[in-house]
Structures are given as structure tokens and as C-alpha cells.
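Asks: model the following, please.
(chains A and B)
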Amino acid sequence: MIERVTLGHGGGGRQAQLLILDRFTSRFGMQGPLTDSALLSVPDGLLAFTTDSYVVSPLFFPGGNIGKLAVCGTVNDLAVSGAEPRYLSAAFIIEEGFSLEELDRIVASMVEEAVTAGVRIVTGDTKVVEKGQCDGLFINTAGVGILAGELRHVSSASEVKEGDRLIINGPPGDHAVTILAARRNLSFDIPLASDCASLNHLVKRVTEVPGAVHFMRDLTRGGLAAVLNELAGMTGCGITIDEASVPVNEPVRGMCEILGFDPFCLASEGRLLVVAAPEEAERIAGRMREDPLGRGASIIGTITSARAGRVILNSTYGGQRFLEMPSGQLLPRIC
Amino acid sequence: MKYVDEYRNGRHIARLAEMISREVSREYVFMEVCGGHTAAIHRFGIPSLLPPEVRLISGPGCPVCVTPARYIDMLVALASGGGVTVAMFGDLMRVPGSILTLAAARAAGADIRVVLSAHEALELALADPGRKVIFPAIGFETTAPGTAVTVMDAGKRGVDNFFVLSAHKVMPPAMEILLKEGTSLDGFICPGHVAVITGSSAFDFIPEKYGLACVVTGFEPADLLLAVLMLIRQVNSRSPRVETEYRRVVTRDGNTRAQGFMNEVFEHADTEWRGLGIIPSGGLTLRKRYRHLDAGEQFTVEVHEIQRDSGCLCGDILRGKITPADCPLFAGACTPDHPEGACMVSDEGSCNTWYKYHNHD
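Replies: Numbers count the residues shown, from 1 in each chain, chains lettered A, B, ... in the order given. Okay, the predicted model is just below:
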């Protein structure tokens, strides 16, 4: 018989205690008696603090599941801000009737990803809602990281200058297309897995080159197009992208051709954009390629003074067009 | 990727652009009537590869753009009625009705679901016999056969909770209306995927009656440039005819099997096109033998369309009389986030495409 989450698991009594102790705190390696807050020692300096909620559908997909995503998504938000991720919280909203075996697999992925990223899950919460009130499982994670003083500028883009080069660590869109293909109503069987991964070690490699990194952002919802347009807006600079230099995996291209999507607008969960000083761009791309998560690194464009605030795409066949901010909801619940 | 890379080859593209520049001897205006072509032309930056003498203008070929506000109002009323699910293509979600969009109606509790095919809507009906499922059938000859096959399937299975509200349109009568109204066109880039079904012969009346050049073409940059070159040559040699560039999928007679399905299920009817008015034989309605599956026959909804004049010039844009940038609302009062007219909603709408890919600052 399949063991399932019941409303009693969210009731605060013995059943709830057992669920929390057996399935969460022991696995997350939380020590000592359960208290209302985790007490953390932090060094001097700046704290980076972020939060994100995960509602991906389906919960399991090639390359990951909602648990892995909930860890690496928040780790990445910290990492691209220039912070070293340290501690996460994990809050679960579980639908009555959810399989405990699936919950265990999801928690196991969270533990594994936290170990990979070198972060600890130190606090959390569990709520159970009546059947039909949520779709299986939603997770919220918040994260705390320590910001290295010399990287304060990387999220604000204040150091970005004309001539800087833009680098991505691999082909965009694998996550969005994997999720799309895994949806029940689309019977696509494609050789592709989500790119979801914790990028903090890759970011460390890249930021070790002193003074080279001027901006970082992970390519989540809205994809490369959204990040580039935000950057153009923040800096008031123009951006020129060479389409041929942006790697796109064949299954992603194929799905985009069939469904009319633009790979530039598709979300990833393990890709980032780095803007670097021109003289260091090759070195940064080279350092990325030494990391398994940066094998497909490529220099894709340049910050310009022309066309202030706009992103121009030079196509493979000599045409030019503006790359606009995507509008509306391309695909709901991809993360 | 086969059938893609070779049609985006930089060397071939440069050569075609060069040939076009060499052969222009006057000004040319060509209209693409397919929304897919409009999107491809601007996505690939085709205008930036053409000499200034060649102007491409967009016609009424986006099915979402020509769907009347009244039709959206009907769907809103049907989906809000209780016990009824409207299962439709996602493209319709943000099209403004005269009061609400379907997205707003859904947020207010109407049962509206997005499906990717008519057949998926039928499956919803089969899975839940207690619900009435209505499929709003939009699109041209490209999507009508899929609806037809689903209607035939539902008929055969005796399904009594699946209905179709047809807003299917057919392309040649709309092109003829534009020609009758008078245009300054030199030729048409004819719709490639409509022609897969109808065959290229569906456009024969254009050179025969109106003396304009026609090329049926595909959706890649090389397809589009080659079509422009073929059109220029027809104009220069004063020999208008229907030529097919898209020979990898288009024949003269088309897909006769799909035509058979359409003919079995649908008949031509005078139909309202948003922005263009009633077009004689411009649409498809279900034949009498399928009226038990026709939502228009089986449901009574009262819709009071509210006429309002926002100043939106979609009608002139769909006729190719002006470009989106000529509309006073464009990129100001009307943007993809706050569309006034349907042309700003759909990915294949002229205004949406212009907004996305053109300089509007």
C-alpha cells in the first residue's frame, strides 16, 4: 500500500512530529532539540539573503525534481549576487494524499544537492492542505550567504562598461524544454535533461580572476532575452549579441521550431550570464570550460555605446533585429 | 538541423540579397497574408536584407487577429455558465473581447483550459461525461482539417458532451476582398501552410482576375528572400502567375484527403473578420449533419457587444493600408502587455511582431 501524507501530518501533534523528525530534520542533518529558530554564527561583512518558491509541474523531470530545483535555484540567486551560499530554509506545502515515497525521493535530492553546493538546510516548515488545494507539493526555500566585499557590484552592474564582453556557461533553454516535453499533454520524447545545477562553485572559479567580473545573473524565467534587456536597462548601454555564438542544443532548437518559441526567451536553471572586462573574457570562458557546468561556455556579445538601452541580435545570415523583453507567460510553472 | 540550417545559410542568404538588389528596377510592394510569414520576416530581420525599393506589408493572416470581439464575448459567457468547460488554444487567452479577455474571465472563475489540439478537448469531454466541453475552433485551412477529423471522431463515438464553436476562416476570399477594395500591391507572398492543404491552385484567381504576382513560400530566411526575388522577376517580366517556392511541401492540388475531411464536416459561410467586416464565403460552419456538435446551435447565450472606439486602427493594418507604427496607439496606449487591438496580442499579429522586432523608440 502506498503511504500517503494525511491532514494529521500537518496538525502539529505526534504524526507531525514524526514526519518532521523522520523525513526532514534527521536527513537535513539538523542537530539537537527542535527550536523555533536556527541560530547561526556569521562573519563580519555583508549578508546576502534571498527567497524563492518552487511550483514546478511535473514534480519529477529528466535531470532533477522540485527538491533539487528548490536548493540549486536559491543557491544560484546567492551565488550570482557574489555571495558564498551558507544556509537554507525549506518550507513544504503538501497536498493531502501525497505519496510519502515521492516526498522521500524529493528530500533525498535536496540533501544531495545541498552537499554538492556545500550549504546546510537549517530551518524549515511543513503545512498539509486539503486535497485539491495545491498540486502535490510546493516548496519555498530562503538562503543566506556571505558577500565578498569586492563583489558588491556584480548584481547592480555598476561596473559594466563599453567594450565589456558577455559570456554564458552553456546552451540556454534546456530546463524549459525538458519541462515542456515532460508535461502530460505533450507526447514528445526527446534526448534532453534539465540543466538545473548549483552554480556556486563555477561562480567561485570565475570570480577568482581579480576585478574581471562586472556583472552576473542566472538565466531563469524570461531566459537570456530578459536578462540582457534588464542589463541594458540598468546600465543604459547597448548590447550586441552574435547569434551564431550562442550555443543551442538540437532538441531545444527542434522544439522551438515546432512550437514557435524563441530559445533566447526560454528559462534555464543552471546557466548564467557573466559580463567581464574585455581583456579577461577569454580567460573567464576558459576557466568556465574547466568546470563540468561550464563545458559549453561561449563569448556571445559585447557592451556598446550605440543603441543605448537596447539589445541587438546579429543573425547568422547577416540580418539584424532587436531582442525584446519577453512578454506575458510563455509557460506556467516551470520552476 | 535538416530543413532549417540550409535555409539559414549565411552565404546563400547574402547571394539572394545581392541578386534582389541587382534586379530591382522600380518600387515594389508585396503583401504577406500569413501571420507565420509576418512573424518570420521580422524575426529573421528580412527587411534589413532588402533594398529600400522593396516594401513588405502584412495582411489579414493571423487567425487570432481576425477573430471578432463578439466571438470572445460568447466564449466568456459560455465558460462562465457553470457545467461548461471551454478548452481552447492558448493564443486566444489575451485577446480583448468587448468587455473581458478570456484570461480575466478565467481569473474570475470561468472554466477555461488550454489545449494543444481539438482532439485533446475531445479527450477532456470523454474523461468527464458530466461536463460539457466546447472547443473554439479558430484558424485557417491549416487547423480546420484537425477540427474536422475530431468532429468526425466525436460523431462516430456518439459523444454528447463535446461541441465545436467554429470561427474557422478561409484565406482566398479575404485576399479577394482586399483586391476588390483596390490596393497598390504588386504581388502576394502566398501562405505556405494554407497551400499545403489547399494546393497552390487556390490562388490562381489572383493573377488571372487581378493580374498580380503570386509566390507560395516557406518560412525560413532563404525561402522568403527567394520568394521576393521570384515576385520581382514576375513583375519585371510582366508575367503574373502562381509560382511555388515551397516545393518541399506544397503541390498544385494540395492535400486532397484533408480537403475531403473539411468538406465532410464544414460548409462555407459568410463570416465576420475582425477589422474587415463580413466576408462572403470567408469562413467555415459545421454542416447540418453535425449540428448536434455545433455549440452555436446547442447553446443559447446572450451577448451584448459593446461598441467602443478606442482609436485602434487594426482594420487598416489588416488591409495593409498602414503599418503598425502609423497607428497613434502603437507602442503607447497599445503594447503587448496592454493590448488595445487583437493585432498586438498574437505572436503572429503585425503589431506584436513590429513591437517585438522594430525600433519603436
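
Asks: and the residue of the stretch 151-300 of chain B nearest chain A?
Replies: B:Pro221 (5.4 Å; Cβ to the nearest Cβ). For the C-beta atoms, the positions are set from N, CA and C on the backbone; glycine is no exception.

Asks: all the strands of the stretch 201-335 of chain A, in order from the start?
Replies: Assigned by DSSP state E, counting those that start in this stretch, the stretch 201-335 of chain A shows strands spanning A:213-218, A:238-242, A:272-276, A:298-304, A:311-314, A:320-322.

Asks: closest one to chain B among those?
Replies: strand A:320-322 (4.3 Å).

Asks: the residue of the stretch 201-350 of chain B found nearest chain A: neighbouring residues, count only.
Replies: Closest residue of the stretch 201-350 of chain B to chain A, Cβ to the nearest Cβ: B:Pro336 (4.0 Å). By other Cβ atoms under 10 Å in any protein chain shown, the residues close to B:Pro336 number 21.

Asks: name the residues of the stretch 1-150 of chain B found near chain A, please.
Replies: Proximity of the stretch 1-150 of chain B to chain A (Cβ under 8 Å from any Cβ of the partner chain) is limited to residues B:1, B:4, B:8-10, B:12-14, B:17, B:39, B:42-46, B:48-49, B:94, B:115-116, B:120.

Asks: got the strands of the stretch 201-335 of chain A as a markdown table, with mean neighbour count columns?
Replies: Listed next are those as a markdown table, based on neighbours: other Cβ atoms under 10 Å in any protein chain shown:
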| stretch | mean neighbour count |
| --- | --- |
| strand A:213-218 | 24 |
| strand A:238-242 | 20 |
| strand A:272-276 | 26 |
| strand A:298-304 | 21 |
| strand A:311-314 | 21 |
| strand A:320-322 | 19 |
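
Asks: those strands: lowest mean pLDDT?
Replies: Mean pLDDT is lowest for strand A:320-322 among these, at a mean of 85.

Asks: wait, does that one make contact with chain B?
Replies: Yes - looking at strand A:320-322 against chain B by Cβ under 8 Å from any Cβ, the contacts come from A:Gln320, A:Arg321, A:Phe322.

Asks: would you map the helices across chain A?
Replies: A:14-18, A:66-79, A:100-117, A:174-182, A:200-207, A:223-235, A:250-259, A:281-289 (DSSP state H).

Asks: give me the number of residues near the closest residue to chain B within the stretch 201-335 of chain A?
Replies: Using Cβ to the nearest Cβ, the closest approach of the stretch 201-335 of chain A to chain B is made by A:Gly319 at 2.8 Å. Neighbours of A:Gly319 under the rule other Cβ under 10 Å: 23.

Asks: I'd guessed it sits against B:Gly45; true?
Replies: Yes - between A:Gly319 and B:Gly45 there is a contact under Cβ atoms under 8 Å: 2.8 Å.

Asks: re the thing from before, the residues of the stretch 1-150 of chain B next to chain A, buried ones only, as a ChimeraX selection?
Replies: Selecting the buried subset of those in ChimeraX, with 16 or more other Cβ atoms under 10 Å in any protein chain shown as the burial test, is done by:
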select /B:8,12,13,17,39,42,43,44,45,46,49,94,115,120
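
Asks: narrow the residues of the stretch 1-150 of chain B next to chain A to those in strands?
Replies: Of the residues of the stretch 1-150 of chain B next to chain A, none are assigned to strands by DSSP state E.

Asks: give me the low-pLDDT residue ranges for the stretch 251-361 of chain B?
Replies: Low-confidence regions of the stretch 251-361 of chain B, defined by pLDDT under 70, span residues B:308, B:359-361.

Asks: what stretches of the stretch 151-300 of chain A score poorly on pLDDT?
Replies: Residues of the stretch 151-300 of chain A that meet the cut-off, pLDDT under 70, sit at A:184-187.

Asks: please redo it, this time with the cut-off set to 80
Replies: Within the stretch 151-300 of chain A, the stretches with pLDDT under 80 are A:184-189, A:260.

Asks: and B:Val159, helix, strand or coil?
Replies: In three-state terms, and counting by DSSP: H, G, I helix; E, B strand; the rest coil, B:Val159 is coil.

Asks: OK, contacts around it?
Replies: B:Val159 is in contact with B:Leu122, B:Ala125, B:Leu126, B:Leu293, counting by Cβ atoms under 8 Å, 6 or more residues apart in numbering or on different chains.

Asks: before we move on, what about B:Met1?
Replies: Counting by Cβ under 8 Å, 6+ apart, B:Met1 makes contact with A:Glu250, A:Arg253, A:Gly254, A:Glu257.

Asks: over to B:Tyr290?
Replies: Residues in contact with B:Tyr290 (Cβ under 8 Å, 6+ apart) are B:Val151, B:Gly155, B:Val265.

Asks: next, count neighbours for the spatially closest residue to B:Ala333 that is not a sequence neighbour.
Replies: Using Cβ to Cβ, 6 or more residues apart in numbering or on different chains and skipping the chain neighbours, the partner closest in space to B:Ala333 is B:Glu340 (6.0 Å). For B:Glu340, the neighbour count with other Cβ under 10 Å is 21.

Asks: separation between B:Glu340 and A:Phe60?
Replies: 42 Å (Cβ to Cβ, to the nearest Å).

Asks: mind listing the strands for the stretch 201-350 of chain B?
Replies: Under DSSP E, counting those that start in this stretch, the stretch 201-350 of chain B gives strands at B:213-216, B:242-244, B:266-273, B:277-286.
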